[in-house]
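Visitor: Build me a model from this:
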Amino acid sequence: MLLQPIRIGADCTVGLKAVIASDTDLPQGTCLGPNTSSWEMEDAQESNRELASAQIPQPHWIWYVLVVGLLSLLVSFVSRLPAIVAFFPVVMKYRQVENDMLRQQVLWFVSPSRIGYYALVILTGAVVGPFAWFLAVYLVKRGLDLACGRPRPGPHNLRSQRKMI
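Guide: Just a heads-up that it's a prediction; the model follows:
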């Protein structure tokens, strides 16, 4: 592997996933697009500057809090749902009501029969949880595609606020 300095001139734009080779000198004002490399500098165009991720405006903070935040909470809850569902029958089977509930809870967790159940709950969350997360993300994506339309490549300044989510 050759490690030599890279020199990037003033007012250069480097797109996402662009590869800049070792010992490269990008002249001033070069605009490398996304998924390109420094070996393709002759194809660098000024229109690539608009494709930079920093140029894309972010949605309004209210949209972010009310839509993105709530959808993130929903996906997080669904990913933990398998462990909750696995834990529920154990709690229902072994519940007892006593005066000292702290003592009862500590004894509940350390009894030998329940340690196996607790390991099963952890294992269920670790194995089934990622599949539930993927399913939730997929369903949210499909719902957003239905509500807002599928994202298409093109100029970002023609997109509505609803499509920026």
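Visitor: got the contact list for the lengthiest helix in the chain?
Guide: Among the elements of type helix in the chain, defined by DSSP state H, the one spanning the most residues is helix 70-93. Here helix 70-93 makes contact (C-beta atoms under 8 Å, 6 or more residues apart in numbering) with 114, 117-118, 120-122, 124-125, 128-130, 132-133, 135-137, 140. (Each C-beta comes from the backbone N, C-alpha and C, glycine too.)
Visitor: and the direction of the helix or strand of the chain with the lowest mean pLDDT versus that of helix 70-93, what angle?
Guide: Within the chain, judged by mean pLDDT, DSSP states H and E, the helix or strand with the poorest mean is helix 101-110; its value is a mean of 76. An angle of 90 degrees separates the directions of helix 101-110 and helix 70-93 when computed by axes from the mean of the first three to the mean of the last three C-alpha atoms, to 10 degrees.
Visitor: mean confidence score for the helix or strand just after helix 101-110?
Guide: The C-terminal neighbour of helix 101-110 among helices and strands, as given by DSSP states H and E, is helix 112-127. Confidence over helix 112-127 (mean pLDDT, whole number) is 84.
Visitor: what comes into contact with helix 112-127?
Guide: Among residues not part of helix 112-127, those counted as contacts by C-beta under 8 Å, 6+ apart are 80, 82, 83, 85, 86, 87, 90, 94, 108, 109.
Visitor: Sweet, I'm off.
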